[in-house]
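# With the sequence up front, the predicted model follows.
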Amino acid sequence: MAMGELAVVLDVAGTLLRMYRVANDLLRRRILERIVTAQLIIERPGRALVVPQMDPGDVRRYPEDTHLLRLIELCSEGIEISCYSTPVSQSDALEAIRRSDATVRDLLVAHDAVRQRCPETYHTTGIIVDSMDMTVPYIVSTGGVPFPGVKSVLDELRAMGADIYIASGDSPRSLIHLIDYGIDPENICSVADPIRKKEIVKRLKENHRAVVMVGDGLNDIYALEEADLGVLTVQQNPDPHPRLLEVADIMIGDIRQLPVTVKAYIL
């Protein structure tokens, strides 16, 4: 395959990074460990993950009793909705946050639980809203470290002539470290919900002979289905949702298997 004719689109959390996720269950006032964010969202229609466009560490500058809506108002870049069970508008998401009692303290409880396990790594925090009953049932926080061999995998794919793209539901601040792996900032698509991930793959198919999508979760499902080759990784979660098994073309247990998989099925 000639140079530039192959595109590889990669999810980040759970695909390139091993993640530790927790949820602050605001209804039951407890911490849930090793959660799958998408599963908390798809429990009910009308749920969505709201991502404040700010570094979780910056939240500590505000008093702990600051209401989350006020925090968002103080964040000049606002919010993005990166994942949902059924479409939720920004106005409905903000209204659910306004009606809740959630504060900076609730956000920090989740973030601190992650920092105890992943003190010096990637971190991100989000708010799950329920637009049906206008509540904030969970605040989620995530930390992660690269799986072994990630840099070598990306180098091998580039040596094969692949254009590397990132399609992630995370914020731009959370993904900036990927530049250290040689990924063009213009190829990093942040705050990508399932539909946008699919659209990214579809657009790339217009000017690439083959497009590979690599992901691990339900938010990757449409992109995996749209791609010429959908690669499901189970390095993070060895028991994936049955629908992922239905739409993926192949499953790998280690990201280091990706280059040889691409060679076998595409080149």
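It's in. Quick caveat, the model's predicted, so the values are computed rather than measured.

# for this structure, what's the longest strand?
strand 135-146 (DSSP state E).

# so what secondary structure elements neighbour it?
strand 17-25, helix 37-42, helix 90-99, helix 104-117, strand 122-130 (3 or more C-beta pairs under 8 Å, 6 or more residues apart in numbering; DSSP states H and E). Any C-beta I mention is one placed from the backbone N, CA and C, and that applies to glycine too.

# Could you rerun that using 6 Å?
strand 17-25, helix 104-117, strand 122-130 (3 or more C-beta pairs under 6 Å, 6 or more residues apart in numbering; DSSP states H and E).

# and the nearest residue to Gly143 once chain neighbours are set aside, how many residues sit next to it?
Nearest non-adjacent residue to Gly143, counting by C-beta to C-beta, 6 or more residues apart in numbering: Cys118, 2.9 Å away. If you count neighbours by other C-beta atoms under 10 Å, Cys118 ends up with 18.

# Wait, Cys118 touches Pro146, no?
No - the pair Cys118 and Pro146 does not pass the contact test of C-beta atoms under 6 Å, sitting 11.9 Å apart.

# before we move on, the earlier item: which outside residues touch the longest strand of the chain?
By C-beta atoms under 6 Å, 6 or more residues apart in numbering, the residues outside strand 135-146 that reach it are 17-27, 37, 40, 97, 100, 102, 106-107, 110-111, 114, 118, 121-130.

# Flag every buried residue along it.
135-144, 146 (16 or more other C-beta atoms under 10 Å).

# Adding mean pLDDT, mean neighbour count and distance to Gly161, write the helices and strands packed on strand 135-146 out as a markdown table.
Below are those laid out as a markdown table (pLDDT from 0 to 100; neighbours: other C-beta atoms under 10 Å; distance: least, C-beta to C-beta, whole Å):
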| stretch | mean pLDDT | mean neighbour count | distance to Gly161 |
| --- | --- | --- | --- |
| strand 17-25 | 93 | 22 | 25 |
| helix 104-117 | 92 | 19 | 38 |
| strand 122-130 | 88 | 25 | 29 |
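
# Turn these into CSV, including distance to Gly230.
As requested, the helices and strands packed on strand 135-146 are arranged in CSV below (distance: least, C-beta to C-beta, whole Å):
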stretch, distance to Gly230
strand 17-25, 20
helix 104-117, 30
strand 122-130, 25
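
# ok, Pro137 to Leu27 distance?
Distance from Pro137 to Leu27, counting by C-beta to C-beta, to the nearest Å: 6 Å.

# What of Gln53?
Taking C-beta to C-beta, one finds Gln53 at 26 Å from Leu27.

# can you list the residues that contact stretch 212-227?
Stretch 212-227 is contacted by residues 8-11, 14-15, 38, 83, 169, 194, 197-198, 201-202, 211, 229-231, 233, 236, 241, 247-248, 262 when judged by C-beta under 6 Å, 6+ apart.

# Among these, which are located in strands?
Judged by DSSP E, the subset of those located in strands is 8-10, 83, 211, 229-231, 233.

# Can you list the low-confidence ranges for the protein?
For the chain, applying pLDDT under 70 flags the ranges 1-4, 56, 76, 119-122, 267.

# now what about stretch 63-70, what contacts it?
Defining contact as C-beta under 6 Å, 6+ apart, one finds that stretch 63-70 is touched by 97-98, 102-105.

# With stretch 229-248 instead?
14-15, 147, 212-214, 216, 218, 221, 224-225, 249-254, 265-266.

# Can you give the distance of stretch 77-84 from its chain's centre?
Its chain's C-alpha centre and that of stretch 77-84 lie 11 Å apart, by C-alpha atoms, centre = their mean, to the nearest Å.

# Leaving out chain neighbours, which residue sits closest to the residue nearest the centre of the chain?
Centrality entry for the chain: nearest residue to the mean C-alpha point is Gly169, 3.7 Å, by C-alpha atoms, centre = their mean. Leaving out its chain neighbours, the residue that sits closest to Gly169 by C-beta to C-beta, 6+ apart is Ser82, at 3.5 Å.
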